[in-house]
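> just to be clear, the model below is a prediction. Sequence and coordinates:
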Amino acid sequence: MPPVFAHGRLRLYLLKLLDEAPRHGYEVIRLLEERFQGLYAPSAGTVYPRLAKLEAEGLVTYATEGGRKVYSITEAGRAELADRGGELADLELEIRDSVSELAAEIRADVSGAAGDLRREMRAAASASATQVEDESWKAAKEELRKARQEWKEQARRAKDESRRAREEAQQARRQAKEAQERAREEVQRIAGQLQEQFAKSGGVLGSLAGAWLGGAAGTSAPTASTPEAAPAADWAEDLTPTGDPVRDLDRLLDRFRDEVRDAARDHGVTPAQLAESRAHLAAATARLTGALRTP
């Protein structure tokens, strides 16, 4: 079988995928497999060295998220894509041709194997007819019938397993979505309860929530228990936008959770700090959910 990508073409296609959106190496491999309809998937040993070479040439850059490198195309990479626009169009046609060729080869292999099996069956039947008596011939026919039946049963089981796998995958996706919705509803419910408790309690917790709201809006000074309020403008600026607001919000929430958790592990948490943290979280939740619900 001829190579799927000619020399230098995989490099060009990697730039195209990163121009669409920042991605980590596994996403690149998965997308290539999807583009080839599952008939071809490059190995990690093929993709990662090329990404590293593109990064060394200044055509891509990366940021580390959750221990993984997320690659993004640079202006130099976009310039090369623009210079090679005609070649990229030819490459898209080559990929479609490669998919058709791979599918044809698979069909030919299956057809050839089936033809070989039929010829072997005919040869076995012919030999049995000339070399054995009637009883042996009947036994051979029975074995052939059983073999055909077994082959049909195996094909049926394979089809059923494939169908079950698809159904399980769909069910898993549904369950994940439902779990996400339940978690979001639970967070909103808890936030509402906390807000109600804070409204009833007043006093210190109410003033802490007001201080947090004022600090988030840039209208009050840091509290006595907080050394200095962190500037909001440049917080998490190292997270490169992906173009998907929902995904970017998830990344910001992950960063917030990790920083607060690290601070708690490094310095410990007192009961007074826990109460203050609850007030901050309730106020932030109210502001964020209110902003997200605003059209």
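Received it, and whenever you're ready, just let me know what you need. Numbers count the residues shown, from 1 in each chain.

> can you give me the neighbour number for T61?
Residues within reach of T61, counting by other CB atoms under 10 Å, total 18. Glycine gets a C-beta too; all of them are placed from N, C-alpha and C.

> my error: substitute A79 in the last question.
Neighbour tally, A79, other CB under 10 Å: 11.

> from L91, how far out is it?
Distance check for A79 against L91: by CB to CB, to the nearest Å, it reads 18 Å.

> repeat for P245
Per CB to CB, P245 is found 31 Å from L91.

> just the helices in the protein please.
9-20, 25-35, 44-56, 75-83, 85-131, 134-201, 203-217, 245-267, 271-293 (DSSP state H).

> make CSV from those helices and add distance to E237 and mean pLDDT to it.
Formatted as CSV, those follow (distance: least, CB to CB, whole Å; pLDDT from 0 to 100):
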stretch, distance to E237, mean pLDDT
helix 9-20, 21, 88
helix 25-35, 23, 89
helix 44-56, 21, 91
helix 75-83, 19, 92
helix 85-131, 32, 68
helix 134-201, 26, 80
helix 203-217, 17, 44
helix 245-267, 11, 90
helix 271-293, 19, 91
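
> right, and the ones you listed - which one's nearest E65?
helix 245-267 (7.1 Å; CB to CB).

> quick check: domain ranges of the protein?
The record assigns the chain these domain ranges, following automatic domain parsing: 9-101, 202-293.

> need those in JSON lines (columns: distance to K177).
Formatted as JSON lines, the domains of the chain follow (distance: least, CB to CB, whole Å):
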{"stretch": "domain 9-101", "distance to K177": "20"}
{"stretch": "domain 202-293", "distance to K177": "13"}
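
> which of these sits closest to A172?
Closest of the domains of the chain to A172 is domain 9-101, at 16.7 Å (criterion: CB to CB).

> what sits against the closest residue to G243 other than its chain neighbours?
The shortest distance from G243 to any residue other than its chain neighbours is 5.8 Å, reached at A21 (CB to CB, 6 or more residues apart in numbering). By CB atoms under 8 Å, 6 or more residues apart in numbering, the contact list for A21 reads T242, G243, D244.

> where's the second one relative to L39, distance?
The spacing between G243 and L39, counted by CB to CB, is 29 Å.

> just to revisit the earlier point, phi and psi next, for the residue nearest to G243.
In terms of degrees, to the nearest 10, the main-chain angles of A21 are phi -170, psi 150.

> before we move on, what about R84?
Torsion angles, degrees, to the nearest 10, at R84: phi -110, psi 30.

> more neighbours, G243 and L39?
L39 (16 against 10).

> would you quantify the distance from the more buried one to T294?
To T294, L39 is 47 Å away according to CB to CB.

> and if you look at T46?
From T46 across to T294, the span is 47 Å (CB to CB).

> how about T242?
Taking CB to CB as the measure, T242 falls 23 Å from T294.

> need the contact list for L12.
Neighbouring residues of L12 by CB under 8 Å, 6+ apart: L81, R84, E87, L88, L91.

> hmm, 7 Å instead?
By CB atoms under 7 Å, 6 or more residues apart in numbering, the residues touching L12 are R84, E87, L88, L91.

> nearest to G25, of the residues you listed?
When the contacts of L12 are compared for distance to G25 (CB to CB), L91 wins out at 20.3 Å.

> against H24, how distant is that closest one?
Applying CB to CB to L91 and H24 gives a distance of 23 Å.

> surely P22 meets Y71?
Yes - contact criterion CB atoms under 7 Å: P22 and Y71 qualify, at 6.4 Å.

> neighbour-wise, which of the two wins?
Shown here are P22 and Y71; by other CB under 10 Å, Y71 has more neighbours (24 against 21).

> same drill for T46 and T294, tell me which one is more crowded.
T46 (13 against 6).

> separation between K53 and A275?
For K53, the distance to A275 - CB to CB - is 54 Å.

> I misspoke; the intended subject was E167.
Noted for E167: a distance of 48 Å to A275, by CB to CB.

> same thing with V47?
In this view, V47 and A275 are 50 Å apart by CB to CB.
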